[in-house]
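1. With the input below, show me the fold.
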Amino acid sequence: MGILTGIGRNFKSISRYNQILKVLIKYGFEDFVNYIEDNKQYTFIQKLIPKRAYTKKTTYSKWVKMRLVCEELGPTFVKFGQILSNRPDLIPLELTFELEKLHDNVPPMSEGLAKQVVETELKDTVENLFAWFEPTPFASASIAQVHNVILHSGKRVALKIQRSEIYEVVAEDIKAMYKIAKILEHRIPSLKSFDPVGLVQNFEDSILKEIDFINESINIQRFYNNLENDKSLDQFAQAPKVYPAFTTSKVLAMEFIEGIKINQINQLKAKNIDTKVIARRLAISFFKQIFEYGFFHADPHPGNLLVLPNNHICYLDFGMMGSMLPRDVSIFGELFISIANKDGKKIIKTLQELSNNAPISNMRDMEFDINEFVEKYYVRNIHDNEMSTILLELKDIIIAHNLKVPVYFFLFARSLVTIEGVINKLDPKLEQFEIVKPYLKTSATKKYNPIKMGKKVANSIIELTDYIEEFPSDLKNAIRKINSGRVKVDLTHKGIDPMVHTLQRITKQLITAVIMVALIIGASLFIIFDIKPLWNNISILGITSFSLAIILGFGMLKNINKGDHDY
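-> Down below sits the predicted model:
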């Protein structure tokens with residue numbers, strides 16, 4: 001049986017690989033197939049393609065044909081194309097726009113098959129699990145379909161059910177992708193810089209997470225918690241709850257939320273819902289995700305956005321999310337502020353920080369490109385209110401100068417394009433940049449928060465203390481090795497006194513810096529809590545502490561400028 005199973009698997013892999021070649025030839029990519037098949041097998045496959053199919057060669061552009069190839073090859077390639085559409089640093093912009101149109105035309109599973117998946121996963125009959133199970137799904141895609149169900153408690157639930165054997169289909173397609181990627185990397189050296197195998201590996205990680213509904217349920221819960229913990233008055237977003245008791249890797253139970261799709265303008269107006277209010281609230285909710293939560297919905301198209309009766313916006317489908325480090329959120333804030341201030345040097349600095357301080361090979365060309373970008377920005381007045389245009393133009397500069405920014409940069413740019421399209425239909429005159437300004441300023445100044453700075457200094461002192469505590473034992477170990485003859489040491493007395501003097505000066509500066517931070521934190525607290533006595537409604541103790549900190553700062557700067565020339 002083991003041998004027969006192995007033969008069956010190999011046959012499936014070969015059959016799928018040949019099917020991929022057949023579809024590529026059908027859409028006119030013979031040259032590409034010729035690269036990956038030097039045994040002329042494609043000439044035989046070519047005979048199996050009906051002649052009428054070749055009309056598509058001339059009627060479509062090459063970018064459209066690439067999209068059609070993905071759609072015809074099924075769910076794995078559709079997802080691959082959708083993920084590639086988020087990487088304009090790797091593929092032409094025209095192709096990214098075309099791949100964004102990818103959709104699945106797959107009929108739903110039968111009621112019996114859907115119930116079988118549910119019963120296998122939840123280990124009980126549908127009748128015992130639910131008071132009612134809608135036989136026809138209200139949404140269907142290539143990986144899953146969604147049914148209406150009612151729990152015995154009376155709660156209405158949206159039950160997402162994974163397609164039967166989708167994991168096996170994806171696994172076979174990924175094998176074929178690896179084979180093609182390795183051949184391309186070997187036969188076309190110019191493609192090595194794009195790392196085709198690495199790209200397939202990243203895709204494999206991504207799609208395996210997407211077909212694991214536990215991962216999506218975690219995304220939903222994380223997004224939901226961010227909204228629940230935000231008690232501000234401008235929190236206008238909602239997300240469905242997850243029902244863990246009815247959720248597995250192949251079944252996902254979510255709260256059923258009724259609303260109007262955000263692009264159905266006539267229905268919104270019929271319900272007396274002000275589209276301008278909705279547009280403003282959508283912009284606020286999205287910018288809060290970026291600049292306050294650092295975790296954002298990366299696919300906010302109209303099908304994933306509902307308007308609720310309370311004028312709140314509900315997000316759906318959490319398979320594609322973007323996550324940012326707090327440090328990067330601050331850098332993003334600084335980037336947009338420096339663009340608004342037309343500060344070219346600051347723009348270059350923030351782009352380098354985003355790229356993990358990657359070196360710029362030609363700084364003069366970089367400065368020229370950024371200067372041109374700033375001048376265009378100034379003339380066009382914030383690009384007619386489109387922040388996404390700013391990011392897309394910066395993307396071209398980033399790619400041209402080989403700066404490797406995090407993947408979320410392109411996810412953010414793509415989702416911003418999508419959200420702006422929705423907002424423009426709701427309220428074309430909305431000043432989005434005015435809405436985002438407060439979030440930019442807050443995120444950019446977070447790292448200069450006195451309390452956070454104090455914590456960083458305190459942590460550094462603790463680390464230094466730990467090191468000093470460990471130093472004697474490290475020194476003993478070194479001496480033992482020297483005594484045993486395992487280490488030979490050649491000590492020459494050269495310039496010890498200046499080095500000792502420098503260490504003393506650095507220690508004094510460190511102590512001064514700690515005192516300065518303590519004074520600044522203390523002053524901030526005195527002023528915030530109005531500690532008396534007051535002068536013009538400002539705490540005198542706070543003013544005094546700030547003054548002392550400034551005096552110490554000037555003294556430290558003087559000492560730094562003096563350098564080591566005072567010994």
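2. The one helix or strand residue 550 maps to: which residues count as buried?
-> Assigned by DSSP states H and E, residue 550 belongs to helix 540-562. Within helix 540-562, the residues scored as buried using 16 or more other CB atoms under 10 Å are 541, 542, 543, 545, 546, 548, 549, 556. Placement of C-beta: from N, CA and C, glycine included.
3. May I ask which helix or strand of this structure has the lowest mean pLDDT?
-> Least confident element among the helices and strands of the chain, by mean pLDDT, DSSP states H and E: helix 41-47 (a mean of 49).
4. Strands along this protein, start to end?
-> Counting by DSSP state E, the segments of the chain that form strands are 132-133, 139-140, 144-150, 156-162, 237-238, 251-255, 260-261, 295-297, 305-307, 313-315, 321-323, 534-535, 538-539.
5. Which other helices and strands does the last one contact?
-> The reference is to strand 538-539. Applying 3 or more CB pairs under 8 Å, 6 or more residues apart in numbering; DSSP states H and E, one finds that strand 538-539 makes contact with helix 496-528.
6. The spatially closest residue to residue 208 that is not a sequence neighbour: neighbour count?
-> In space, and not counting its chain neighbours, residue 208 is closest to residue 170: 7.6 Å by CB to CB, 6 or more residues apart in numbering. By other CB atoms under 10 Å, the residues close to residue 170 number 20.
7. wait, doesn't residue 170 sit right on residue 210?
-> No - using CB atoms under 8 Å, residue 170 is not in contact with residue 210, being 9.4 Å away.
8. so where's the stretch 151-300 of the chain uncertain?
-> Along the stretch 151-300 of the chain, the parts satisfying pLDDT under 70 run over 189-194.
9. One more pass at 80, please.
-> Applying pLDDT under 80 to the stretch 151-300 of the chain flags the ranges 184-195.
10. Contact partners for residue 553?
-> Counting by CB atoms under 8 Å, 6 or more residues apart in numbering, residue 553 touches residue 516.
11. if I look at residue 96, how far off is residue 85?
-> Residue 96 sits at a distance of 5 Å from residue 85 (criterion: CB to CB, to the nearest Å).
12. Identify the contacts common to these two.
-> Residues touching both residue 96 and residue 85 (CB under 8 Å, 6+ apart) are residue 414.
13. Now residue 351: closest residue in space, sequence neighbours ignored.
-> Using CB to CB, 6+ apart, the closest residue to residue 351 is residue 403 (6.1 Å).
14. And residue 100, by the same measure?
-> residue 85 (4.8 Å).
15. thought the one you found was touching residue 93?
-> No - assessed by CB under 8 Å, residue 85 is found out of contact with residue 93, at 10.3 Å.
16. Looking at those two, which one has more neighbours?
-> Between residue 85 and residue 93, residue 85 has the larger neighbour count (other CB under 10 Å), namely 20 against 12.
17. Just the pLDDT for the residue nearest to residue 351.
-> Per-residue pLDDT puts residue 403 at 81.
18. what about the helices in the stretch 151-300 of the chain?
-> 166-187, 196-210, 213-229, 265-270, 275-288 (DSSP state H, counting those that start in this stretch).
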